[in-house]
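Asks: no sequence on this one, just coordinates:
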Ligand SMILES: [Zn+2]
């Protein structure tokens, strides 16, 4: 295990944001709305229509219906996020990722912390309903804001926060770029108000086993898949594995700067692991069949885009032909176009690299 010596305690920098029960957007002004309505009554028609369209996805929870908790094995829990777009947090990652927690006699291990400290407090509340044990470890399976922006909700426990070195570096970069982004992007500033990214305190490069209260927790560096330095959290006794954003169940993935080839190979590998439950980044915990189905989706998508490129089609043409996807009807369909773009960029970049290296004579 590698130790990143923190220059100062990260916990000391954290001022926890106020508890926001109401999720009315910060920019909403009742007075302005009243005036607008009086001056332009016809504005209410499209405005009302917008509210109706937005209603099923916007979060005004009367209760805890924005998530549910499953005990998938004794003392092993998954906090499953519903398909809801949050107004707090990084606007690019407004769907909470799933989280998990493992309760042992010597403390609690948290796997991922969702996309905001507000959702992470709901997670903490569920832990507190079940145990008084302190949270000893927080593990981030990647640097994606939808699985790590809730880290600060656990700062009071001063837990060891763990990720791979690659993910830790991305999280530190994200935090370092934070002040500049707040200055130049008011939308980002409004939705990130009261949120402070808290990067890992330690990293694991090689596979590592935590042994806490008789529960073995294996941390596995999967390399570059959905993002650089993705990790799996594997519980050999329970036959459960948390895969973070490497596996999505019934959700269109956010592909970004993935390594598609390795991602597909990793999914092939994890299917052969001796697991009964695979916990995805989004969607319900499942068996190996759903992991395979997701792998086949990635193969299908990259195959279709590659075919389009080979036929000399533009990105726009490929998108028009593929989107909306006919073969899958998953959550987050608005990410389909983005997924095609990401795969197109990855494949054309690979082609360029391949042709330029072919032209370069070897010494
Ligand atoms: Zn995600």
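Replies: Alright, I've got the coordinates. These numbers were taken from a predicted model, which means no experiment stands behind them. Residues are numbered from 1 along each chain as shown.
Asks: Need phi/psi at the closest residue to residue 153 other than its chain neighbours.
Replies: Nearest non-adjacent residue to residue 153, counting by CB to CB, 6 or more residues apart in numbering: residue 120, 3.5 Å away. In short, each C-beta sits where N, CA and C put it, glycine included. Phi and psi for residue 120, reported as degrees, to the nearest 10, are phi -70, psi -30.
Asks: show me what contacts residue 120?
Replies: Each residue near residue 120 by CB atoms under 8 Å, 6 or more residues apart in numbering is listed here: 99, 113-114, 149-154.
Asks: Pull the most distant pair out of those residues.
Replies: Within those, 99 and 152 form the most distant pair, 14.0 Å apart (CB to CB).
Asks: Strands along the stretch 1-150 of the chain, start to end?
Replies: 2-3, 67-73, 76-81, 99-104, 107-111, 135-139 (DSSP state E, counting those that start in this stretch).
Asks: The ion: which of the ones you listed is closest?
Replies: Of all the strands of the stretch 1-150 of the chain, strand 76-81 sits nearest to the ion, with 9.5 Å by CB to the ion.
Asks: Quick one: list the elements packing against that closest one.
Replies: Helices and strands touching strand 76-81, by 3 or more CB pairs under 8 Å, 6 or more residues apart in numbering; DSSP states H and E, are strand 67-73, strand 99-104, helix 117-128.
Asks: give me that answer again for 7 Å
Replies: Contact here means 3 or more CB pairs under 7 Å, 6 or more residues apart in numbering; DSSP states H and E; on that basis strand 76-81 packs against strand 67-73, strand 99-104.
Asks: Tell me the strands beside the last one, with direction?
Replies: Looking back up the chat, that one is strand 99-104. strand 76-81 (antiparallel), strand 107-111 (antiparallel) (DSSP bridges).
Asks: any chance of those strands in TSV, plus distance to residue 304?
Replies: Listed next are these as TSV, based on distance: least, CB to CB, whole Å:
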stretch	distance to residue 304
strand 76-81	29
strand 107-111	33
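Asks: Columns mean pLDDT and distance to the ion on top of these, output as JSON lines?
Replies: Converted to JSON lines, the strands paired with strand 99-104 look like this (pLDDT from 0 to 100; distance: least, CB to the ion, whole Å):
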{"stretch": "strand 76-81", "mean pLDDT": "97", "distance to the ion": "9"}
{"stretch": "strand 107-111", "mean pLDDT": "98", "distance to the ion": "14"}
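Asks: Out of these, which one sits most buried?
Replies: strand 107-111 (a mean of 26; mean count of other CB atoms under 10 Å).
Asks: Name the surrounding residues that touch it.
Replies: Identification of contacts with strand 107-111 by CB atoms under 7 Å, 6 or more residues apart in numbering yields 99-102, 127, 131, 133-139, 141, 154, 210, 212-213, 217, 233, 242.
Asks: Type out the PyMOL command that picks the buried ones from those.
Replies: Listed next is the PyMOL selection for buried residues among the contacts of strand 107-111, using 16 or more other CB atoms under 10 Å:
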select buried, resi 99+100+101+102+127+133+135+136+137+138+139+141+154+210+212+217+233+242
